[in-house]
Every structure is written in C-alpha cells, then in structure tokens.
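# Sequence plus predicted model, see below.
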Amino acid sequence: MMWLPGIHIPESYLTALIQMACRKNRWSLDASTLLTSVTPWRKSDEVMPDKDDSVRLLQGLYIEGASWSTETGYLARSKPKVLVEELPFLRVKPIELRNLKLLNTLRTPVYTTSLRRNAMGQGLVFEADLATKEHVSHWVLQGVCLVLNTD
C-alpha cells in the first residue's frame, strides 16, 4: 500500500512501477500503461493480499463531482452537500496497451490538488479507470476527477 499524496513527485513512483514490470516481462516501455480499479476496501485492515507482485494499492485519493458506491462498485451521484469524498483503495497494475480493454469505464484525470494544477501550472498525475453504469458524458459534464490533496 502506498499513500500517494505523501510522495513529492507521484508521477515518478507510477513510472517506476511501469518500468519494473517492463523489465520483468520484457515489454516495450512506450507500449505499456497502468490499469486501475477501485477496490471495496476503505481501511488497511480490510485489504486482501494480491497474488500478482506487480499490483500496488494506492490510498489518499479523493473524488470530486461524484461519489463511489462500494455496494455496486460503480460511480454514483454525489451526496447532497458533499463536494469531495475519499475514494477506497485504488488497485494499480502495469499492463501492455494491447491487452487493455475497457468497457463502461471513465478515464478520470488524477490531479495533485483540487485546483487541478500545481505551482508550476501542471498537476495531472495520471488517469485512473472508474467503472460506471451511466454514459461517460454524464460524468464528464459533472467534472469528475480524483485529487491527491483537497486544499
């Protein structure tokens, strides 16, 4: 488990995960990416270990513009008067692009802060895959994103 907001440059950690998987599996680096999925676990004592050693669990992410339903495993509409809520653990696995097949999934940007940028004008860390039952355009219009810090 990794508390992603605690890393000064989280992009480097995620890039290192991909690089390690590429070396181990002899994949091309430019043909690899991260596959993510939201787990049902919200606390570290609930986590079940994964058999795949390339899988990492990320914590400390928050969702804006929607909420996450652990009962259904899909994006849900925000609760009244709740703008931001903590996301359960995010499962991250390096994968070859040719093996990536996403259906009913929103590619959601993950930003450093809720301002969606950092002091250098940048802030996009990576894109996470969030399962949805509704059309993707609904969530895009809601401005759904994940953030590491809610300042």
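Ah, there it is. Residues are numbered from 1 along each chain as shown.
# List the backbone torsions phi and psi for the residue of the chain positioned farthest from its centre.
Relative to the C-alpha centroid of the chain, counting by C-alpha atoms, centre = their mean, residue 26 is the outermost residue, at 24.8 Å. In terms of degrees, to the nearest 10, the main-chain angles of residue 26 are phi 60, psi 50.
# Which strands or helices does the helix of greatest length in the chain pack on?
Longest helix in the chain, counting residues (DSSP state H): helix 10-25. Here helix 10-25 touches strand 32-38, strand 90-96, strand 124-131, going by 3 or more C-beta pairs under 8 Å, 6 or more residues apart in numbering; DSSP states H and E. Yep, even glycine has a C-beta here, placed from its N, CA and C like the rest.
# And these: which comes nearest residue 57?
For these, the distance to residue 57 is smallest for strand 90-96, at 5.9 Å, taking C-beta to C-beta.
# Can you name the next helix or strand after the closest one?
Later in the chain than strand 90-96, the nearest helix or strand by DSSP states H and E is strand 105-113.
# List the neighbouring strands of that following strand plus their orientation.
If you go by DSSP bridges, strand 105-113 pairs up with strand 124-131 (antiparallel), strand 145-149 (parallel).
# quick one, what contacts the residue most central in space within the chain?
Residue closest to the mean C-alpha point of the chain, counted by C-alpha atoms, centre = their mean, is residue 128 at 3.7 Å. By C-beta atoms under 8 Å, 6 or more residues apart in numbering, residue 128 lies in contact with 36, 61, 90, 107-108, 110, 146.
# again, but for residue 42
So residue 42 contacts 70, 86, 88-89 (C-beta under 8 Å, 6+ apart).
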